[in-house]
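**Q** Only the shape, not the letters, is given here:
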């Protein structure tokens, strides 16, 4: 159905699905075991050029999905999770690039994950779903990229877990990625990052409704999942941004309650975020995906990140945020150093944002300009043709 | 400042085409972009300010945001043909370490520095009894990025002591829109100087210290 695009918006979009790895050609997983068939939910924005060289793969973070930009219907109040960076004239310019975003395997937004039906039993996998890693996620994405007839991606980009995938792409498929943009991320999860994830997993597993993950069709472990999200959410903010956003303001009252009811705005906000998350996310997926990023360590097996990045051939733009204490700039600098030692063409920028880890989602102004300039330059230097104007 | 700065054109003249060049403290990337465009060098920059880094990215340059004082440690020996440090030596915490790292990582170093023994500086101090300020160095003593001034004599004495070869020296004045000085007594008459330096790789035993 034809519709008018809002300025800067990709307009109304549709989620698509693709299935691969049908038995006996299952995906062999890094941690052992096989997975197949695999369904991958994805969306695309913009148009592929004639040489199929202008494709840009966007990689989502822990709780993200394939819906990176646009709306599902004209009055949809909630656009995709990175709508502020993807669209005509935006950082990832859909007038120039063909943008793809897919839901990771292990997820719960249309790609095969623990809530999918196990073909052998006809019931949801739950905890019988195999452990997947960031590397596995990327290898599944490569099947989608094959399916779309794209030999080499113009660029891969993502923040947080998306940044890990951007790194993994450049390592696993050095000839299939022209440029990689890892944002607010790390080459390996630190003990602090693992610790926070473990708190989240412990909260889910301690919920009486968890029932060893076999809660489908019954009451879900909503308190545990909400708690996991609350802890997570704190790590995405910064001391500064919490002062700015909440201060010590009280919610719906003028004086302190002197009880264990919720007094402060920050408390109600976290409670709201936790509850909202439960309605859109599967607790088992939370377990699997946090585990995947905890296992992430590019320097394995040699122990040297420099060695692990030896084969990288992409150009890099690495971005970190000063106030991000979950994925602090020092982790980005480690990536930068290891790439630099390998002679990789790398640009690094540490953005002075106050919004903590969430900055990559919220604070798109400066980041957008940097990405836009970088991509434009790589495109020009490599003679990437943009699709002709007009539909 | 109109047109190309005199120190920029001198540096452009010192660096042969097609070389691999690292510009330390590259600012908004004007010099580096000039080198890439006119000399076809493979250019890299390091810049401490986010604003500078953004300007460089907008110019299509490859640049790392970082601190020169800790920046070169991870680069392998001789990974660049030329390393530039223009009008920045006086602002680093450890000029000694930075220079020595430049001559390890680069085959050659290009260093541009202000000459604190320039006659105007001397007169300013002599007659005013206060820290010299010029158009070129306009900062107040309490609010200046420049913490390690030296004169041409100081710098060359240092190079001699550290077995650094001065392959070329170009003395500059900002008079009349900037010009190269050819006359005698550069330590008195030059406002700044650009050096082309090199040093043979010291043996591992010498570098331990």
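**A** On my side now, so go ahead. As the structure is a computational prediction, the values presented were derived from the model and not from experiment.
**Q** going forward, measure contacts and count neighbours with C-alpha atoms only.
**A** Will do.
**Q** Can you give me the pLDDT of the residue nearest the centre of chain B?
**A** Most central in chain B under Cα atoms, centre = their mean is residue B:86, positioned 2.5 Å from the mean C-alpha point. Note on residue B:86: pLDDT of 96.
**Q** For it, which non-adjacent residue is spatially closest?
**A** residue B:112 (4.3 Å; Cα to Cα, 6 or more residues apart in numbering or on different chains).
**Q** Repeat that for residue B:49.
**A** residue B:65 (6.9 Å).
**Q** residues contacting the one you found?
**A** A:347, A:348, A:349, A:350, B:46, B:47, B:48, B:49, B:50, B:53 (Cα atoms under 8 Å, 6 or more residues apart in numbering or on different chains).
**Q** Tell me where the chain is predicted with low confidence.
**A** Went with chain A since none was named. Within chain A, the stretches with pLDDT under 70 are A:1-7, A:389-391.
**Q** hmm, I had chain B in mind actually
**A** B:1-4, B:202-209.
**Q** make it 80
**A** Confidence mapping of chain B against pLDDT under 80 gives the ranges B:1-4, B:71, B:136, B:174-177, B:201-209.
**Q** Assign residue B:194 to helix, strand or coil.
**A** strand (DSSP: H, G, I helix; E, B strand; the rest coil).
**Q** Quick check: it vs chain A, distance?
**A** 28 Å (Cα to the nearest Cα, to the nearest Å).
**Q** Was I right to think that residue contacts residue B:89?
**A** No - using Cα atoms under 8 Å, residue B:194 makes no contact with residue B:89, being 11.6 Å away.
**Q** okay, and the common contacts of those two?
**A** B:111, B:112, B:113.
**Q** contacting residues around residue 115?
**A** Went with chain A since none was named. Counting by Cα under 8 Å, 6+ apart, residue A:115 touches A:108, A:124, A:125, A:126, A:216, A:282, A:284, A:285.
**Q** actually it's chain B I care about, not the one you picked
**A** B:149, B:150, B:151, B:152, B:187, B:190, B:191, B:192, B:193.
**Q** run the last query once more with 7 Å
**A** Going by Cα atoms under 7 Å, 6 or more residues apart in numbering or on different chains, residue B:115 touches B:150, B:151, B:152, B:190, B:191, B:192, B:193.
**Q** tally of neighbours for the third one?
**A** When neighbours are defined as other Cα atoms under 10 Å in any protein chain shown, residue B:152 has 22 of them.
**Q** related to what we said a few turns ago, now for the contacts of residue B:115: which two are most distant?
**A** B:150 and B:190 (12.7 Å; Cα to Cα).
**Q** Between these two, tell me which one has more neighbours.
**A** When residue B:150 and residue B:190 are compared for neighbours, residue B:190 comes out ahead with 27 against 16, by other Cα under 10 Å.
**Q** So which residues on chain B come close to chain A?
**A** Residues of chain B lying near chain A by Cα under 7 Å from any Cα of the partner chain: B:50, B:53-54, B:57-58, B:60, B:62-65, B:74-76.
**Q** let's go with 10 Å and repeat that
**A** B:42-66, B:71-76, B:79 (Cα under 10 Å from any Cα of the partner chain).
**Q** Now the buried members of these.
**A** Neighbour-count burial (16 or more other Cα atoms under 10 Å in any protein chain shown) is assigned, among these, to B:42-66, B:71-72, B:75, B:79.
**Q** Quick check: buried residues in stretch B:77-86?
**A** By 16+ other Cα under 10 Å, the buried positions in stretch B:77-86 come out as B:77, B:79, B:80, B:81, B:82, B:83, B:84, B:85, B:86.
**Q** For chain A, see how far away the last one is.
**A** Meaning residue B:86. Applying Cα to the nearest Cα to residue B:86 and chain A gives a distance of 21 Å.
**Q** Over to residue B:39?
**A** Going from residue B:39 to chain A by Cα to the nearest Cα gives 17 Å.
**Q** Helices of chain B, start to end?
**A** When assigned using DSSP state H, the helices of chain B occupy the ranges B:6-14, B:30-39, B:50-58, B:68-71, B:95-105, B:119-123, B:152-161, B:186-189, B:204-207.
**Q** Quick one, which of those gets closest to residue A:365.
**A** Residue A:365 lies closest to helix B:50-58 among the helices of chain B, at 12.0 Å (Cα to Cα).
**Q** so what's residue B:98 closest to, chain neighbours aside?
**A** residue B:69 (6.5 Å).
**Q** check contacts around that neighbour.
**A** Residue B:69 makes contact with B:91, B:92, B:93, B:94, B:95, B:97, B:98, B:101 under the criterion Cα atoms under 10 Å, 6 or more residues apart in numbering or on different chains.
**Q** For the nearest residue to residue B:75 once chain neighbours are set aside, which residues are in contact?
**A** Closest residue in space to residue B:75, ignoring its immediate chain neighbours: residue A:341 at 5.8 Å, by Cα to Cα, 6+ apart. Counting by Cα under 10 Å, 6+ apart, residue A:341 makes contact with A:306, A:307, A:309, A:310, B:74, B:75, B:76, B:79.
**Q** The residue of the stretch 1-150 of chain A found nearest chain B: neighbour count?
**A** Closest to chain B within the stretch 1-150 of chain A is residue A:91: 12.8 Å, counting by Cα to the nearest Cα. Other residues lying near residue A:91 total 23 when counted by other Cα under 10 Å.
**Q** looking at it, it is touching residue A:157, isn't it?
**A** No - contact between residue A:91 and residue A:157 fails when scored by Cα atoms under 10 Å: they sit 11.1 Å apart.
**Q** anything in contact with each of those two?
**A** Common neighbours of residue A:91 and residue A:157 (Cα under 10 Å, 6+ apart) are residue A:371.
**Q** Do a quick rundown of the strands in chain A.
**A** A:16-20, A:27-28, A:34-35, A:38-45, A:55-59, A:86-87, A:92-93, A:98-102, A:153-159, A:177-183, A:315-321, A:346-351 (DSSP state E).
**Q** any chance of those in TSV, with mean neighbour count too?
**A** TSV is the format used below for those (neighbours: other Cα atoms under 10 Å in any protein chain shown):
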stretch	mean neighbour count
strand A:16-20	15
strand A:27-28	18
strand A:34-35	21
strand A:38-45	24
strand A:55-59	26
strand A:86-87	26
strand A:92-93	24
strand A:98-102	25
strand A:153-159	26
strand A:177-183	27
strand A:315-321	26
strand A:346-351	25
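**Q** quick one, which of the ones you listed is nearest to residue A:259?
**A** Short answer: strand A:315-321, nearest of the strands of chain A by Cα to Cα, at 37.8 Å.
**Q** Mind giving me the packing neighbours of that closest one?
**A** Judged by 3 or more Cα pairs under 10 Å, 6 or more residues apart in numbering or on different chains; DSSP states H and E, strand A:315-321 is in contact with strand A:153-159, helix A:161-172, strand A:177-183, helix A:329-341, strand A:346-351, helix A:359-362, helix A:364-381, strand B:62-65.
**Q** 6 Å instead?
**A** strand A:177-183, strand A:346-351 (3 or more Cα pairs under 6 Å, 6 or more residues apart in numbering or on different chains; DSSP states H and E).
**Q** Show me just the buried residues among the shared contacts of residue B:194 and residue B:89.
**A** By 16+ other Cα under 10 Å, the shared contacts of residue B:194 and residue B:89 give B:111, B:112, B:113 as buried.
**Q** Take those and keep only those in strands.
**A** Using DSSP E, the members of those that fall in strands are B:111, B:112, B:113.
**Q** wait, which of those residues is closest to chain A?
**A** residue B:111 (22.9 Å).
**Q** what's the closest one in contact with, if anything?
**A** B:84, B:85, B:86, B:194, B:195 (Cα atoms under 6 Å, 6 or more residues apart in numbering or on different chains).
**Q** Reformat these into CSV and put distance to residue A:135 next to each item.
**A** Formatted as CSV, the contacts of residue B:111 follow (distance: Cα to Cα, whole Å):
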residue, distance to residue A:135
B:84, 40
B:85, 41
B:86, 44
B:194, 50
B:195, 49
